[in-house]
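In: what follows is a predicted protein model with its sequence.
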Amino acid sequence: MKKIFIFLLITQISFAQKDGFWDKERAFTKEIKLSSGNRTLVKIDDLPEGASEFVFRILLIDENGKITTSLASILKAIPDPTGISQGTAGAIFLTNSLSGDDTCVYGIYTSEKAGNQFLKDGKLETACHFSKDAINKDSKVISIKNTKCFENAPNIWFAFENKNWVFSTKIVLEVVSWVDYSASRGWNLESKKELVSLGKKLDWYKKSSNQSLFLAQFLESFTEKYKFSEYNQMLALEKSKAINEVQEIALKETNQFDSYLNMIRMEAIQLYKNNKVDEAISKIQNEIIFKKAATHTDYGLLGSFYLSFKQFEKAELNLEKAIILDKTDLTHRLNLSYVYLFTDRVSEAKDIHNQYKMQNIASNVSWVNQTKSDFSDFEKNGFPNDNFKKILRILE
């Protein structure tokens, strides 16, 4: 019998390799022994999530025949399914010259019921793909996404009928899927809409100057970081943590992270003004420092919060961290001088005032005027003022 060869050609590549991969790890291979005139139905392993195409190869070989090259190994040379077609250049034999003279017909079903009906009547017309002509080898690329019959059908059955009059045959069936990276994440339109709704509930979305940019990046970052199946199995607390983590990623990718941190600082300052100091401190610690996003501003804020409530050790620790991160912000040094003053280290407080008394804290606020204003506030809040005059003499 004339041997039939199917050629694979790399005629064009419309997808970059990064768009997907041949799932060789989950390639399906099965040898089927089939008596003369008999039929059989073979269920292949479930197609992997994100499979957009699959390649199959059918070879009928003599009882002692062997396949020299697996389908999976051949596909290493083919970058993606768009490179598989009939043509004249770059040909690679997909079938194997060891096939014998045995023949069969076959069909591919997405319903076990339809496949079982073939076992009864031998009719292939209800198959999604079939060959009524007896073959001894065949191979095809099946596009799942472009073939309605295969759409939403992770389960596939191959049906065979041995067309030999006398002898049994050995059929080798191989199936390898092409997995699209994006589709393999498992996110569809409806599940993405759910993420968009979650993104719109975030505080930052409501305050962002570029909501659409943030929301688009939030959606992209979330679907890249988590598969839908992973997200779907999360507990409520795990989902909340994941959302916050991805929000931070989206903020950084859209250059809105600094604005976000400033929003947290302003909220902390408002809590402080409302005498909710513990909440103000916790906000800075939990939402900035513990996330390793702190700058000198954050340690300076904590230092001033602790100072105002006479927690001098904690105030000193945080102010020293602020000064290490930014030696030019004199607000931290001024607050540190107050810590020294209230902990009976007057000499060290004097040294700081002597060094910086001629400078400005801000463009329109002098060191001297700020000190006098702060001393007035300290007195109103019951701080000891015994050493204030010692400092004021230095400033005169």
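Out: Sure thing, it's come through.

In: local confidence estimate at A183?
Out: With respect to pLDDT, A183 scores 76.

In: the residue nearest to it when sequence neighbours are not counted and F21, how far apart?
Out: Distances taken as CB to CB, 6 or more residues apart in numbering put G50 closest to A183, at 3.9 Å, once the chain neighbours are dropped. (Each C-beta comes from the backbone N, C-alpha and C, glycine too.) Here the distance between G50 and F21 works out to 10 Å (CB to CB, to the nearest Å).

In: and for the two, which residues touch both?
Out: Counting by CB atoms under 8 Å, 6 or more residues apart in numbering, the contacts common to G50 and F21 are V179, Y181.

In: which stretches of the stretch 101-250 of the chain have low pLDDT?
Out: Counting by pLDDT under 70, the stretch 101-250 of the chain contains low-confidence ranges at 152-153.

In: which residue ranges form the strands in it?
Out: Here the stretch 101-250 of the chain has its strands, by DSSP state E, counting those that start in this stretch, at 104-109, 129-135, 137-143, 157-162, 169-180.

In: strand partners of the second one, parallel vs antiparallel please.
Out: Read that as strand 129-135. Partners of strand 129-135 in the sheet, by DSSP bridges, are strand 104-109 (antiparallel).

In: and the strand it pairs with with strand 137-143, angle?
Out: Calculated by axes from the mean of the first three to the mean of the last three CA atoms, to 10 degrees, strand 104-109 forms an angle of 20 degrees with strand 137-143.

In: contacts for strand 104-109, please.
Out: 34, 41, 56, 58, 60, 115, 118, 124, 126-136, 138, 142, 156-163, 169, 171.

In: return the distance of the closest residue to L202 other than its chain neighbours relative to Y356.
Out: Nearest residue to L202 in three dimensions, chain neighbours excluded: Q247, at 5.8 Å (CB to CB, 6+ apart). As judged by CB to CB, Q247 and Y356 stand 40 Å apart.

In: more neighbours, these two?
Out: Per other CB atoms under 10 Å, whichever of Q247 and Y356 has more neighbours is Q247, with 23 against 17.

In: contacting residues around the more buried one?
Out: By CB under 8 Å, 6+ apart, the residues touching Q247 are L202, W204, F218.

In: show the pLDDT at W22.
Out: With respect to pLDDT, W22 scores 87.

In: tell me how many other residues crowd it.
Out: When neighbours are defined as other CB under 10 Å, W22 has 22 of them.

In: thought it was touching W178?
Out: Yes: using CB atoms under 8 Å, W22 is in contact with W178, at 6.0 Å.

In: show me how the chain divides into domains.
Out: Partitioning the chain according to automatic domain parsing yields domains covering residues 7-183, 189-395.

In: between the two ends of the longest one, what distance do you get?
Out: This means domain 189-395. End-to-end span of domain 189-395 (CA to CA, to the nearest Å): 68 Å.

In: for the nearest residue in space to F56 that is not next to it in sequence, list the residues it contacts.
Out: Nearest residue to F56, sequence neighbours excluded (CB to CB, 6+ apart): V175, at 4.8 Å. Neighbouring residues of V175 by CB under 8 Å, 6+ apart: A27, F28, T29, I44, F54, V55, F56, L71, I156.

In: could these be laid out in a markdown table, adding distance to R345 and secondary structure?
Out: Conversion of those to a markdown table gives the following (distance: CB to CB, whole Å; DSSP: H, G, I helix; E, B strand; the rest coil):
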| residue | distance to R345 | secondary structure |
| --- | --- | --- |
| A27 | 74 | coil |
| F28 | 77 | strand |
| T29 | 80 | strand |
| I44 | 79 | coil |
| F54 | 77 | strand |
| V55 | 79 | strand |
| F56 | 82 | strand |
| L71 | 80 | helix |
| I156 | 80 | coil |
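
In: could you identify the most distant pair in those residues?
Out: By the measure CB to CB, L71 and I156 form the most distant pair in these, at 15.5 Å.

In: what subset of the contacts of V175 is buried?
Out: The neighbour count (16 or more other CB atoms under 10 Å) marks A27, F28, I44, F54, V55, F56, L71, I156 as buried among the contacts of V175.

In: measure N164 to T103 for me?
Out: 7 Å.
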